[in-house]
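# When you get a sec, could you give me coordinates for this:
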Amino acid sequence: MKCLLINPWIEDFAAFNFWIRPLGLYQLSEWLWERGTEVAMLDCLSPAEAPSKFPRAVISAPPALKHFGRTFARYGIDEKLFEKRLKEALPFDAVLVTSAMSYWYPGVVSAIRKVRQIVPETPVVLGGIYPTLWPEHAGSHSGADLVLAGPIESNTAELAGFLGLPGEPVRKRLKWYEIGLHDHAPFGAIRTARGCPFNCTYCASGKISGGFRPRTPEAVSRELNHLYRMGVRDIAFYDDALLVDFKKHLLPVLTNLVASDKRFRFHTPNGMHAKLLDQEAAAWMNRAGFSTYRLSLETINRARQKSTGNKVSAAELEDAVKCLSAAGVPRSAVGVYLLMGLDGQSIEEVRDGIRFVRSLGIRPYLSEFSPIPGTTEWEKLESAGICSRDMDPVLTNNTVFVRLFSGYTETQLFSLKQMCLEALETT
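Now for the predicted structure:
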């Protein structure tokens, strides 16, 4: 049996490649291989440089966004290259499609529709974040024959039954890069753990990934060694909680790297828990080659910090920045994420956060709030009649939602972004 794995297009108002890699499909490929299946990959986001803009083609916006007044585009390879790669992968017995942001689902639908045009009888399976958070919508709109919600581990029996695969392994498990799925990109991504032990009110990590499950330092080190041999030099950590249990979890990986002759440039686009970034962690990260440090603050409002999960305080963030500076990390390499558009969050609260981050000599990065089903923030908005399971997921797009429901004007939003750019120019 042979399966084609597809990482679909992004369809949105904007998209930027912060070292994006289809980590879920990589994990799935290893499970399939273990059960005797041959695997091929069609990645709509490859090739692409990182960090960089994706190639794009302007397309019609979904009906729910027709009157939003912004250019909508498909990001990734063009349709002709998609068709060419799909035909080159023939013959295959099933297509398995992943999905990332729920509001990117139009790209999923486009990919499945294109598959149906070329191989109409081939079964299609959809998994990933979109069907996990919006299972009913995915079931009725995606065009897939089987829709799986939740992490791979919770769906193996159903998937094996659908594909006619044995429930247990029939051959030795190989890593995705050992079965020919590396696309020769000089950048990669890795997770040292799945899930997150925290429970922030705006985050669905637990629902998407399950409980916190760290990999062994040995397994992480082996993967880094393989990536290095394949020419990868830039690595993004896509952990939700990279610094949890640092001494047992990440420190052994970093000490192995420092002792070797391998030199990477590491990046943390997901944002790290500043509360856990002490002098030891900062020193080892700097020695090991971290070059992009992103910390999560979300808000400077102490009451909101406590009510959304008590993940970090402003004082703890300031301490983390001091630790990085003491370790020799330039402040230009450090950035802090701030949320805007939370329920009841005033424009002045966002401004206060920007001013505070600027006062530390580092750049603030604004993250426009997007409501996620199953979270506490979603439930509050649902009770207020703002969100519902009947709404089109594209309306939860961060660009859209903050403009429709935050109460901020375009002038105010522009002024916030200008404040952040001014911070960049003066640090």
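# all strands of the stretch 51-200 of the chain, in order?
For the stretch 51-200 of the chain, the strands defined by DSSP state E, counting those that start in this stretch occupy 52-53, 56-58, 73-75, 94-97, 124-126, 146-147, 187-190, 193-194.
# what's the spacing between the first one and its chain's center?
The offset between the C-alpha centroid of strand 52-53 and the centroid of the whole chain comes to 16 Å, using C-alpha atoms, centre = their mean, to the nearest Å.
# now the third one
The chain centre lies 18 Å from the centre of strand 73-75; the measure is C-alpha atoms, centre = their mean.
# Not counting it itself, show me its contacts.
9-13, 15, 45, 54-59, 107, 110 (C-beta atoms under 8 Å, 6 or more residues apart in numbering). C-beta coordinates here come from the backbone N, C-alpha and C atoms, glycine included.
# run the last query once more with 6 Å
Residues from elsewhere that reach strand 73-75 (C-beta atoms under 6 Å, 6 or more residues apart in numbering): 9-11, 15, 54, 56-59.
# Show me the one of the strands of the stretch 51-200 of the chain that comes nearest residue 294.
Judged by C-beta to C-beta, the one of those that comes nearest to residue 294 is strand 187-190, at 14.0 Å.
# What distance do you get for residue 283 to residue 321?
For residue 283, the distance to residue 321 equals 14 Å [C-beta to C-beta, to the nearest Å].
# The two: which has the busier surroundings?
The neighbour comparison of residue 283 against residue 321 (other C-beta atoms under 10 Å) goes to residue 321, with 23 against 17.
# Helix or strand: which one has the more buried one?
Using DSSP states H and E, residue 321 sits in helix 314-326.
# what do you get for residue 329?
For residue 329, there is no helix or strand it lies in under DSSP H and E.
# where does this protein have low pLDDT?
Applying pLDDT under 70 to the chain picks out residues 423-427.
# Domain map for it?
Following the TED database, one finds the domains of the chain at 2-163, 186-420.
# After the helix holding residue 321, which helix or strand is next?
Downstream of helix 314-326, the first helix or strand assigned by DSSP H and E is strand 334-340.
# Direction-wise, compare the next helix or strand after that next one with strand 334-340 and give the angle.
Proceeding N to C from strand 334-340, the next assigned helix or strand is helix 347-359, under DSSP H and E. If you take axes from the mean of the first three to the mean of the last three C-alpha atoms, to 10 degrees, helix 347-359 sits at 180 degrees to strand 334-340.
# helices or strands next to the longest helix along the chain in the packing?
Criterion DSSP state H: the longest helix present in the chain is helix 410-425. If contacts are counted by 3 or more C-beta pairs under 6 Å, 6 or more residues apart in numbering; DSSP states H and E, helix 410-425 sits against helix 347-359, strand 363-368.
# ok, back up a step: same list (the domains of the chain) but as TSV, adding distance to residue 179.
Converted to TSV, the domains of the chain look like this (distance: least, C-beta to C-beta, whole Å):
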stretch	distance to residue 179
domain 2-163	5
domain 186-420	12
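# isn't there a strand covering residue 266?
Yes. Counting by DSSP: H, G, I helix; E, B strand; the rest coil, one finds residue 266 located in a strand.
# Direction included, what does the longest strand that the chain contains pair against?
Using DSSP state E, we find that the single longest strand of the chain is strand 290-298. Next to strand 290-298 in the sheet, as set by DSSP bridges, lie strand 265-267 (parallel), strand 272-273 (parallel), strand 334-340 (parallel).
# Next secondary structure after that strand?
helix 302-307.
# by contact count, what packs against that next one?
Using 3+ C-beta pairs under 6 Å, 6+ apart: helix 302-307 touches no other helix or strand.
# repeat that with 10 Å
strand 290-298, helix 314-326 (3 or more C-beta pairs under 10 Å, 6 or more residues apart in numbering; DSSP states H and E).
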